[in-house]
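S.K.: no sequence on this one, just coordinates:
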DNA sequence: TCGGGAGCGGAGAGCGCTCTCCCTTTGTGC
DNA sequence: GCACAAAGGGAGAGCGCTCTCCGCTCCCGA
């Protein structure tokens, strides 16, 4: 089975293109990679030959010599002990957030021809594997969705000085790139809006306070309310889950029945909170105004549609990809972070 | 900068392992790939050398010679014209379904070391690119989430006779592998349950009737009801969206106020339908029993929790991956399909 | 006119791996 | 004791590409 017998099977190589163009492999390579000056006339001849042959570079061959794979990994890390009946996959992937990140990352990767590989890191061993994967050149770098404050992965990546970008500031300061949203600013938007609305008794349902997002949203809101002259804001921990939001709202209503405005640190919790409000015969926003955080799909599907602090997830994800590609390209080991401004999206709930 | 000066930089190669084990590259390769008989004693020596050196095969080099990439793509295909203000990414990726599929596929891929690359195909050009990608060996095969009945991608893949597995039966018969759920059987579970509950006036909210899932769920339900002696079942098209489910329920209530049982062809539509029922002062399940389809996260977060026909998404996705790997491995061009049995998950809504 | 430098293109050496040959060794049957 | 088979292991040829040398050609200034 020689190449002559099965011309349709064999893909064109640089050599083929070179032959058609009447130049050497090296020249074709230079044209393909836009490297050094090639005579414009020759340049065109080569391109014509490329299109004529339908040539596409062989990734593997290129990787072999450059030492780059042209692929990055999206790592979803939840290194924590879990009950066997509470499988990781179902829980996290059911969250729309994941898909939005993928979309944002891909929008940057696609034009540059870089592949996005999906990797799950469910425990510390898996994290170690991620680090060794990028050191062994399985992928050129990683963008990380780290779901828990005690996740060891960010630290491991920072220590290994491997190209990596996190979504969200790491729980502890460390030399690693990340993108994040200006949480304090977002919490301030919510606080100012509730006050402007005339809410007299404002409370908040916070996320897990061991997570940076949880702490910042709580403190940012309290600080902004203080600036508005409200020294005390009752707060209840909803743990970033819908059920947690429900429980927190129950407690809030029990202990502060006069509440007329709530800042909830995530849309999902807000959804739960609004269900409880309805169960208690309270109307939103007339009896109680509710503001969420994230602008996830939950904000739109809730009743009434949720006024919320928008986190530009797709933009942030795209920036992660850009930061990572730059880092890989420069080969320098420098960390960069980008903070995005949040918006207040006005819907019906406040 | 020779290898001696930067030992930490250079990764161990087959050659290094061979040297440590005192054998040839070929033998190490045989051991690594479990090929031909190698003397068990030597086998052990080689493995020891592998662990001692920390050797990991170089993907690119292997790909180059085998012609396989060790990667498959998960293609999300929505080849249809879209309004610019209704971006594809946001809409589909916000659906938890996507993540569940990813999880299922990865559970199979991870043990075999195959990478999963994410690819979006938003228009026909992108579909063509997918086909050429796999023909050009960018990936070894594809698993496809095709979102629209008129998506050209399945046909293109079938015509190209490329390794591919679809999630869900294609809209038109064609030689391509797929996994699916036994829809008729699922619809029958719902019908029988509603009848057993004593519902006298049963209706259904269908999905888009130009999609196989839409048609089958509708026809399967009607057929099962007919077997139960109910010749006529009013149906309204909800188009598989929450808003569509709301509108369909409004119409249903207007035209058949006596309805006391509804089979809704997706959980998301059911969620909308139940909101409308509540708005109309109907309680679920006492006034109207509601059964959904999919067992998505919407079924759990709705009020009350939704009784629904469970589609084992993770299992089906895992089977997709298995079918694809088998197909790639055998190099034979044979299509296989696997149909999964649905379950009725009893919750509060019926 | 000539030297030198810049610009452009070619030759060729691998990158790390698999796989086909082929040689060596050992086992087996007569 | 010998022919032959079978099986284990080694040598070496590439897979398709990039990239470093190196040489050629041209142009410019002295």
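M.R.: Yes, it's here. Since we're looking at a predicted model, the values are computed, not measured.

S.K.: C-alpha only now, for contacts and for neighbours.
M.R.: Fine.

S.K.: Let's test this: name the helix or strand in chain A with the lowest mean pLDDT.
M.R.: helix A:88-93 (a mean of 49; mean pLDDT, DSSP states H and E).

S.K.: Show the subsequent helix or strand relative to that one.
M.R.: Where DSSP states H and E defines the elements, the next helix or strand beyond helix A:88-93 is helix A:96-112.

S.K.: near DNA strand D at all, that following helix?
M.R.: No. Helix A:96-112 stays clear of DNA strand D (CA under 7 Å from any atom of the strand), getting no nearer than 13.8 Å.

S.K.: Return the angle between stretch directions for that helix and helix B:96-112.
M.R.: 70 degrees (axes from the mean of the first three to the mean of the last three CA atoms, to 10 degrees).

S.K.: Packing partners of the helix or strand that helix A:96-112 is followed by?
M.R.: Heading C-terminal from helix A:96-112, the first helix or strand you meet, by DSSP H and E, is strand A:115-121. Applying 3 or more CA pairs under 8 Å, 6 or more residues apart in numbering or on different chains; DSSP states H and E, we find strand A:115-121 packed against strand A:71-77, helix A:96-112, helix A:124-135, strand B:115-121.

S.K.: how big is the angle separating strand A:115-121 from helix A:124-135?
M.R.: If you take the same axes, to 10 degrees, strand A:115-121 sits at 150 degrees to helix A:124-135.

S.K.: starting at the chain centroid, how far to strand A:115-121?
M.R.: In terms of CA atoms, centre = their mean, to the nearest Å, the centre of strand A:115-121 is found 13 Å from the chain centre.

S.K.: Around the closest residue to DNA strand D within the stretch 201-350 of chain A, how many other residues sit close by?
M.R.: DNA strand D sits closest to residue A:329 of the stretch 201-350 of chain A, with a gap of 11.4 Å, by CA to the nearest atom of the strand. Other residues near residue A:329 come to 12 when the count uses other CA atoms under 10 Å in any protein chain shown.

S.K.: so it is in which element?
M.R.: helix A:313-330.

S.K.: cool, and residue A:220?
M.R.: Here residue A:220 is assigned to helix A:212-227, by DSSP H and E.

S.K.: still on that earlier bit, who are the packing partners of the helix holding residue A:329?
M.R.: Packing contacts for helix A:313-330, counted by 3+ CA pairs under 8 Å, 6+ apart, involve helix A:96-112, strand A:141-146, strand A:164-167, strand A:177-181.

S.K.: in the helix holding residue A:220, what's buried?
M.R.: Neighbour-count burial for helix A:212-227, counted by 16 or more other CA atoms under 10 Å in any protein chain shown, picks out A:212-225.

S.K.: re earlier: DNA strand C is nearest to which of the helices and strands packed on strand A:115-121?
M.R.: helix A:124-135 (13.1 Å).

S.K.: Packing partners of that closest one?
M.R.: By 3+ CA pairs under 8 Å, 6+ apart, helix A:124-135 packs against strand A:115-121, helix A:153-160.

S.K.: what's the angle from the first one to strand B:71-77?
M.R.: Read that as strand A:115-121. Calculated by the same axes, to 10 degrees, strand A:115-121 forms an angle of 100 degrees with strand B:71-77.

S.K.: Could you figure out how far strand A:115-121 is turned away from strand A:141-146?
M.R.: Taking the same axes, to 10 degrees, one finds that strand A:115-121 is oriented at 40 degrees with respect to strand A:141-146.

S.K.: does any part of stretch A:42-60 sit near chain B?
M.R.: Yes. Stretch A:42-60 reaches chain B (CA under 8 Å from any CA of the partner chain) through A:56, A:58, A:59, A:60.

S.K.: Between those residues, which sits nearest DNA strand C?
M.R.: residue A:60 (8.9 Å).

S.K.: Spell out which strands sit alongside the helix or strand hosting residue A:203 in the sheet and which way each one runs.
M.R.: In this assignment (DSSP H and E), residue A:203 forms part of strand A:202-206. Sheet pairing of strand A:202-206 (DSSP bridges) gives strand A:235-237 (parallel), strand A:261-264 (parallel).

S.K.: List the neighbours of that strand that are in contact with it.
M.R.: Here strand A:202-206 makes contact (CA atoms under 8 Å, 6 or more residues apart in numbering or on different chains) with A:194, A:214-215, A:217-218, A:233-240, A:245, A:248-249, A:259-265.

S.K.: Kindly recompute the last result at 6 Å.
M.R.: A:218, A:233, A:234, A:235, A:236, A:237, A:238, A:261, A:262, A:263, A:264, A:265 (CA atoms under 6 Å, 6 or more residues apart in numbering or on different chains).
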